[in-house]
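[1] I'll drop the sequence and a predicted model, then ask my questions.
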Amino acid sequence: MGQPDPKAKLDLNQVVQKYLASAGAYGKTVALSSLGLSPKEIEGVFSAFDEDYHISRYFHLQCAAGANYQINGFPQSHVSIDAEIQSIL
C-alpha cells in the first residue's frame, strides 16, 4: 500500500517522515511548503493520497495563509497527519 500512484516518486512512508521532521509529532498542522518538496511533487503526491480512502482518512488538508497547491482541484496549504497512519506504513 506504500505507493498509491506509480507516477508518484515518493511513497507514503517518505512523505510521513518528511511531515514528522517538519511537525515534530503527529497531529500538528504544518505548511505543505515546509515538506521540502517541489510544488509539482506536493500536488501529485497529495492528490494521489487524497484519492485513496485507506490513506486519505489520516490526512487533514487545509487552505490557510501561505503557499497554495492544487490538490485534486482544491487549493490547500497545510496538512496534519493522524498517528493512526502508522497502522498502514
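    Everything's here; your move.
[2] hang on, residue 64 is in a helix, isn't it?
    No - using DSSP: H, G, I helix; E, B strand; the rest coil, the assignment for residue 64 is coil, not a helix.
[3] burial measure for the spatially closest residue to residue 23 that is not a sequence neighbour, as a count.
    Distances taken as CB to CB, 6 or more residues apart in numbering place residue 30 nearest to residue 23, at 4.7 Å, with adjacent residues excluded. C-beta coordinates here come from the backbone N, C-alpha and C atoms, glycine included. Residues near residue 30, counting by other CB atoms under 10 Å, number 18.
[4] So for stretch 79-89, mean pLDDT?
    In this model, stretch 79-89 carries a mean pLDDT of 97.
[5] what sits up against it?
    Residues from elsewhere that reach stretch 79-89 (CB atoms under 8 Å, 6 or more residues apart in numbering): 1-2, 12-13, 16, 19, 23, 26-30, 32, 46, 54-55, 57-62.
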